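Enquirer: Need the 3D shape of this:
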Amino acid sequence: MALSLVKDPPEIVVCGSGWYGNKLKRLAEKLNIKHRFLGFISEQEKYKIIKQSKFMVFPTDIAGFAMPPMESLLCKKVCLVPKIEIMKEVAGDNFEYFEHGNIRDLANRIEFLNNNKDY
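Expert: Residues are numbered from 1 along each chain as shown. Below is the predicted model of the structure:
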């Protein structure tokens, strides 16, 4: 997990649930990463959480359109996404990008966003 490579990492907040939820939670605990797994939440609560966050990370491996990055834009929050064609087509320069599949680059971008007060 990229956060284990970040000096003074932010807390991660995961909303929703799925087959990966328990696996991610166990990994966060194993790596001693501050985390909250909230499960399903209301639309109102989701937007409240996004607005309170410093930024969003959406490290998808799926090369399709996704709503969470758009929701971060709606809330005027930076969203860090993999540099894949669909993300560049959808939002151009409105996202921050990391090299797809490169955990070190993802960690570096998280650390940059976490420590940069301009974001």
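
Enquirer: any idea which helix or strand of this protein has the worst average confidence?
Expert: helix 85-91 (a mean of 83; mean pLDDT, DSSP states H and E).

Enquirer: Return the backbone torsion pair for D8.
Expert: phi 50, psi 60 (degrees, to the nearest 10).

Enquirer: Hmm, it is touching K34, no?
Expert: No - applying CB atoms under 8 Å as the test, D8 and K34 come out as separate, 10.2 Å apart. Just so you know, the C-beta spots here come from the backbone N, C-alpha and C atoms, and that holds for glycine as well.

Enquirer: ok, back up a step: buried residues in the least confident helix or strand of the chain, which are they?
Expert: Of the residues in helix 85-91, 87, 91 count as buried by neighbour count, 16 or more other CB atoms under 10 Å.

Enquirer: Pull the distance from that helix to the chain's centre.
Expert: Chain-centre distance of helix 85-91: 16 Å, with CA atoms, centre = their mean, to the nearest Å.

Enquirer: Likewise for stretch 42-51?
Expert: Here stretch 42-51 is found 15 Å from its chain centre; the criterion is CA atoms, centre = their mean.

Enquirer: next one: stretch 68-77
Expert: Relative to its chain's centre, stretch 68-77 lies at 11 Å (CA atoms, centre = their mean).

Enquirer: All further residue positions should be reported with the first residue as 27.
Expert: With 27 as the first residue, the last one maps to stretch 94-103.

Enquirer: can you list contacts of that stretch?
Expert: Residues from elsewhere that reach stretch 94-103 (CB atoms under 8 Å, 6 or more residues apart in numbering): 72-73, 76-77, 79-82, 84, 104-105, 107, 113, 116-117, 120-121.

Enquirer: Buried among these? Make that a PyMOL selection.
Expert: Selection of buried members from those for PyMOL, criterion 16+ other CB under 10 Å:
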select buried, resi 72+76+79+81+82+84+104+105+107+113+117+121
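
Enquirer: quick one: which of the contacts of stretch 94-103 sit in strands?
Expert: Counted as lying in strands by DSSP state E, out of the contacts of stretch 94-103, are 81-82, 104-105, 107.

Enquirer: what about the helices in the chain?
Expert: Applying DSSP state H to the chain gives helices spanning 47-56, 69-78, 93-100, 111-117, 129-141.
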